[in-house]
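Engineer: one predicted model, sequence on top.
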Amino acid sequence: MSSVTIQGFDKLENALKNIASAVERKGDKAVAKSAHLIRANVIKEINSQPGNWSALTPAYSAYKASHGGSRLMLVSGIRNPSS
């Protein structure tokens, strides 16, 4: 059985690969932009302290303050050396 080569399909294959790469790059940018927007909104919501949170206990408040933490309930501000 002989192989039949149709001229032009090699160029089509390359064009489709280029299109796929371009779509992937644009998709990555869109996902990154969306993730950044979501992250910003989550931080904004946490910093607004939604809900009816009770005050931190004096002992925990002192612990957070001594470790550079935040006075806000939902924001630790404490950083471990590994983070």
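Structural biologist: Looks like it arrived, so ask away. Small disclaimer: the values here were computed from a predicted structure and weren't measured.

Engineer: tell me the domain boundaries of this protein?
Structural biologist: Residue ranges for the domains of the chain, per automatic domain parsing: 9-48, 52-83.

Engineer: could you look up the SS state of residue 51?
Structural biologist: coil (DSSP: H, G, I helix; E, B strand; the rest coil).

Engineer: how about the helices in this protein?
Structural biologist: 9-47, 58-66 (DSSP state H).

Engineer: pick the most deeply packed of those helices.
Structural biologist: helix 58-66 (a mean of 12; mean count of other Cβ atoms under 10 Å). (C-beta placed from N, C-alpha, C; glycine too.)

Engineer: for residue 52, what are phi and psi?
Structural biologist: The phi/psi pair for residue 52 (degrees, to the nearest 10) reads phi -110, psi 70.

Engineer: tell me the confidence at it?
Structural biologist: At residue 52, the pLDDT value in this model is 78.

Engineer: start the count at 40, not 1, going forward
Structural biologist: OK, 40 is where the count begins now, so the last one is residue 91.

Engineer: can you tell me how far it is from residue 100?
Structural biologist: According to Cβ to Cβ, to the nearest Å, residue 91 and residue 100 sit 18 Å apart.

Engineer: where's the residue nearest in space to the middle of the chain relative to residue 80, distance?
Structural biologist: Central residue of the chain (Cα atoms, centre = their mean): residue 74, 4.1 Å from the mean position. Relative to residue 80, residue 74 is positioned 11 Å away (criterion: Cβ to Cβ).

Engineer: ditto for residue 109
Structural biologist: 19 Å.

Engineer: low pLDDT regions in the chain?
Structural biologist: Applying pLDDT under 70 to the chain flags residues 40-48, 113, 115-122.

Engineer: the same query, at a cut-off of 80, please.
Structural biologist: 40-52, 85-86, 88-94, 108-122 (pLDDT under 80).

Engineer: centre of the chain to stretch 58-71, how far?
Structural biologist: 16 Å (Cα atoms, centre = their mean, to the nearest Å).

Engineer: I meant to write stretch 78-85 there.
Structural biologist: Chain-centre distance of stretch 78-85: 12 Å, with Cα atoms, centre = their mean.
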